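Student: Next comes the sequence, and after it the predicted model I'd like to discuss.
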Amino acid sequence: MSPITTSRPGEVLIITSDNPPVNALGAAVRQGLQAGIREAAGDPSIKAVVIACAGRTFFAGADITEFGKPMQEPGLPTLVDEIEALDKPVVAAIHGTALGGGCEVALACHYRIAVPSAKLGLPEVKLGILPGAGGTQRLPRVAGVALALEMAAKGDPISAAKAQEAGLVDRLAGENSLLEEAMAFAREVAAQHPLPRASTRTVEADPAVFEQFRKTNAKRFRGFEAPETIISVIEQTVSKPYAEGVQVERANFMKLIMGTQSAAQRHIFFAERKASKIDGIPEDIKLRDIRHVGVIGAGTMGGGISMNFLSAAIPVTIVEMAQDALDRGTGVMRKNYEASAAKGRMTAQQVENAMGLLKPTLNFDDLAECDLIIEAVYESMDVKKEVFGRLDKIAKPGAILASNTSYLNIDEIAAATSRPQDVLGLHFFSPANVMKLLEIVRGAKTADDVLATAMAVSKKIRKVAVVAGVCHGFIGNRMLMPRQVEAQKLLLEGATPTQIDKVHVDFGMPIGPFQMADLAGTDIGWHRDPERIENIRDALCVEGRWGQKKSAGFYDYDEKRTPSPSPRVTEIIEDFRNRTGTPQHEVTEQEIVERTLYTMVNEGAKILAEGMAQRASDIDVVWIYGYGWPVYRGGPMFWADTEGLTKIVAGLEKHGFEVAPLLREKAEKGEKFNK
Ligand code: NAD
């Protein structure tokens, strides 16, 4: 049955799409729409058309599962031109989100009416492509170049009110009377000619707008091909006839969709969705009820973790050892919320609502009412065991007990309780109220419903969660280790922190390994014995070069925290070279890539082979959302596939690394990590 139906109350033909969940513009929808338009064209009793959608939204985009498959006619570009060419007015009735192809359909209609809660946008750029059904041509002509650049090159949707202001929406309708008002609108304009066709309009374009837009967004667009392609397509074509413009749009669409970046970005889109599937657990498993959360420790992590729940309107009881630590922790939370409010991201009332759900306490027994308790105390096995032993006596039966440990063995922590089935790791990333990643660590005895509940909770607090097994550093931090070790060795062999960091930043990472060490604090995990100076890090720590917080680490920092190379660090490195008698050589960019990035892939292969990650794409998700790996490279395992696994193996062997058997096997068979 076609997802498209038509009905004709009087002289208006209503074409309705009902293709759950989001009315994606798959082949059947496109065929049905075309048939509807032809029905209107061929019937003299029809004077106007309304295109509307059933269910929760107007067309929310192309059907991206069709990407890379042979195209079934009509293609969206053909369809939208046919809609616009109809000699009877077509009104788009928009609710929910008119995104991508959906927005392009709306643009091809002669009139657009939307409910106030509707949103319109061209998010194609987020998948590394451009709006390829006339979007780069019609949007500037309808809403002006500045807004078209904003929408198409950044990909964020706009509200119906903003769309109306810009002329992208002609009228707003009542939330519950969209269809009636759309029909009334259609009747009203039925006799109006000529029809307002977006493609025939002209637009004023100040050339300076493009340069300014590029400059303002340079940081956001760094490394991405799609935003610049979109800007230049609009720039090149905005004053040309539509027919010429769409050719340029099409050619660039094809170029982008065939490219590696778009493949990487689409990979991550699907990887993120796949990550929430837990192998071996039925989707309909009964979940535990999480209404009240407890957090132990109000330090860096405890505060950020709490904010996630408060922002999702879930009450939090937070426990500390001493009043000053408690006050400091809750003070920081309030300050963070107030900073968000100052930026207009929340209202003063929302700040109060969130803080009103927080119950700070020094009494451990207050955790008895919590359904999920997350421990974020010092990274020490003894301290954690003591805390979990106490929790075991206090927590109500069935409560989920979680540790935010970065490295420690969850099974050992669970063994400190009489209910290891209720224990798991919930590893948040710093700053925990901002970073999207959550590693859910599955212990040997963790119950299925505990794991599934944690996954469901992660969605409520809008995290992207990945399931990891119990191993040192889980997925993300474990892969960080070989990178850190090699980066340090490279310093001894002749590289500088600046040189190594630059390779990583040029690759697309937000910061390099040494900038990251300075940001986190070089003293984290340091043994604190001033007599024991075994590596460069120890030497830095002994001198109090603990990173940004001390304005000195691998770099020197000014008051604005801008790093500059440190002559003292150069001396420390040289001193170490001499002491260890490490021979120097000229370190190339390629060597840095092989030793600090190929080694991560190698570790990823081990993690996969050991079953510590469920799938290669989960590892990619961890690095994209937890560490800022450039999304246009698709995560370390996807990147390895594009680099070529034989090349990776050869690069590792060149430096004498032991190649992970899974990596070698895949390279030899010509396979990839991500199929
Ligand atoms: P932190 O030192 O900032 O905070 C720890 C807090 O726990 C302190 O305020 C301390 O007073 C409190 N505390 C200690 N023992 C307690 C007890 N028995 N009862 C109540 N409160 C107690 O440390 P952090 O950086 O927030 O790290 C906490 C945990 O999170 C560690 O396991 C760490 O490995 C992990 N983690 C840290 C980061 C990070 O970047 N900082 C990232 C991920 C995970």
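Tutor: Received, thanks. Numbers count the residues shown, from 1 in each chain.
Student: so the residue lying closest to S311 once chain neighbours are set aside, which of the three states?
Tutor: For S311, ignoring the flanking residues on the chain, the nearest one in space by Cβ to Cβ, 6 or more residues apart in numbering is A354 at 5.8 Å. (Each C-beta comes from the backbone N, C-alpha and C, glycine too.) Following DSSP: H, G, I helix; E, B strand; the rest coil, we place A354 in the helix state.
Student: Quick check, A354 in contact with M307.
Tutor: Yes: counting by Cβ atoms under 8 Å, A354 touches M307, with 7.4 Å between them.
Student: tally of neighbours for D284?
Tutor: Using other Cβ atoms under 10 Å, D284 has 7 other residues around it.
Student: That one: what's it in contact with?
Tutor: The contact partners of D284, by Cβ atoms under 8 Å, 6 or more residues apart in numbering, come to none.
Student: Up against the ligand, what does the protein have?
Tutor: Residues of the chain found near the ligand, taking Cβ under 6 Å from any ligand atom as the criterion, are 296-302, 319-321, 325, 376-379, 383, 387, 404-406, 428-430.
Student: Grab the nearest non-local neighbour of R197.
Tutor: Nearest residue to R197, sequence neighbours excluded (Cβ to Cβ, 6+ apart): E84, at 5.3 Å.
Student: Do you know the pLDDT at that neighbour?
Tutor: E84 carries a pLDDT value of 98.
Student: so who does it touch?
Tutor: The contact partners of E84, by Cβ under 8 Å, 6+ apart, come to 90, 108-110, 197-199.
Student: related to what we said a few turns ago, and the residues of the chain next to the ligand, which are buried?
Tutor: Neighbour-count burial (16 or more other Cβ atoms under 10 Å) applied to these gives 296-298, 301-302, 319-320, 376-377, 379, 387, 404-406, 428-429.
Student: so how far is V332 from whatever residue of the chain ends up closest to the ligand?
Tutor: Nearest residue of the chain to the ligand: G299, at 1.8 Å (Cβ to the nearest ligand atom). For G299, the distance to V332 (Cβ to Cβ, to the nearest Å) stands at 9 Å.
Student: and what of A539?
Tutor: Note on A539: its distance to V332, by Cβ to Cβ, is 32 Å.
Student: what does V125 give?
Tutor: From V125 across to V332, the span is 35 Å (Cβ to Cβ).
Student: Please apply the same query to R462.
Tutor: 21 Å.
Student: neighbour count winner among these two?
Tutor: Legend: neighbour count by other Cβ under 10 Å for R462 and V332, higher for V332 (16 against 10).
Student: Surely the more buried one is in contact with G303?
Tutor: Yes: contact between V332 and G303 holds when scored by Cβ under 8 Å: they sit 5.2 Å apart.
Student: quick one: contacts for D556?
Tutor: Listed by Cβ under 8 Å, 6+ apart, the contact partners of D556 are 563-566, 568.
Student: Out of the residues you listed, which sit inside strands?
Tutor: If you go by DSSP state E, the contacts of D556 have 563-565 in strands.
Student: List just the nearest of the residues you listed to A182.
Tutor: Using Cβ to Cβ, P563 comes nearest to A182 of the ones in strands among the contacts of D556, at 57.0 Å.
Student: and that closest one, bridged to which residues?
Tutor: Beta-bridge pairing of P563 under DSSP bridges involves Y557.
Student: which stretches of the protein have low pLDDT?
Tutor: Applying pLDDT under 70 to the chain flags no residue at all.
Student: From the rest of the structure, what touches stretch 636-649?
Tutor: The contact list for stretch 636-649 (Cβ under 8 Å, 6+ apart) reads 260, 263-264, 267-268, 479, 597-598, 600-602, 604, 608, 616-617, 619-620, 623, 629, 633-634, 659, 663-664, 666-667, 671-674.
Student: buried ones in it?
Tutor: Quick answer for stretch 636-649 (16+ other Cβ under 10 Å): 636-641, 643, 645, 648-649.
Student: Show me how far it is from its chain's centre.
Tutor: 22 Å (Cα atoms, centre = their mean, to the nearest Å).
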